[in-house]
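1. turn this into a model:
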Amino acid sequence: MAQELFQIALVVDDYDKALDFYIHKLNFQLIEDTILTPQKRWVVIQPPGSKGCKLLLAKAKNEIETAAIGNQTGGRVFLFLHTDDFESDLKRLREYKIEIVRGPVDEPYGRVLVFKDIYGNLWDLIQPK
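-> Predicted coordinates:
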């Protein structure tokens, strides 16, 4: 038996605002954007060149979900993004004034920094050794 984590829901406040950030600033690719109802869309994005896990942008629909925006993991790093060109990605983060919380630093496992997305979710950007 084999299993694979293929998609993670990321709670957002607005589909288009989230798409603008992830596609235009982080260079993610839009995989799907399907209207399900007047209030709900199925919006899937993925880092460029990735064949792995995708993000489902899920618009908050109530107070509990809205409260979780930007804090789905209680303040810990939420998502881990591997790269094969750390310096270009760092330049892009700085160009778009994306907040870098820690780093960049060299660790035994590779070069890493922590940044915040537009909602305050913490991401590790890692170029593995």
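2. distance of L10 from I118?
-> 11 Å (Cβ to Cβ, to the nearest Å). Every residue, glycine included, has its C-beta placed from N, CA and C.
3. can you pull the buried residues of the longest helix along the chain?
-> Longest helix of the chain, by residue count under DSSP state H: helix 86-95. Under the neighbour-count criterion of 16 or more other Cβ atoms under 10 Å, helix 86-95 has 86, 89-90, 93 buried.
4. check contacts around V43.
-> Taking Cβ atoms under 8 Å, 6 or more residues apart in numbering, we find V43 in contact with 15, 18-19, 30, 32-34, 56-57.
5. mind redoing it with 7 Å?
-> 15, 19, 32-33, 56-57 (Cβ atoms under 7 Å, 6 or more residues apart in numbering).
6. likewise D89?
-> For D89, counting by Cβ under 7 Å, 6+ apart, the contacting residues are 83, 125.
7. any low-confidence regions in this structure?
-> Scanning the chain for pLDDT under 70 picks out nothing.
8. which residues of it fall in helices?
-> Under DSSP H, the chain gives helices at 15-19, 63-68, 86-95.
9. what packs against the first one?
-> Meaning helix 15-19. strand 41-46, strand 54-59 (3 or more Cβ pairs under 7 Å, 6 or more residues apart in numbering; DSSP states H and E).
10. including distance to N71, could those go into TSV?
-> Converted to TSV, the helices and strands packed on helix 15-19 look like this (distance: least, Cβ to Cβ, whole Å):
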stretch	distance to N71
strand 41-46	20
strand 54-59	15
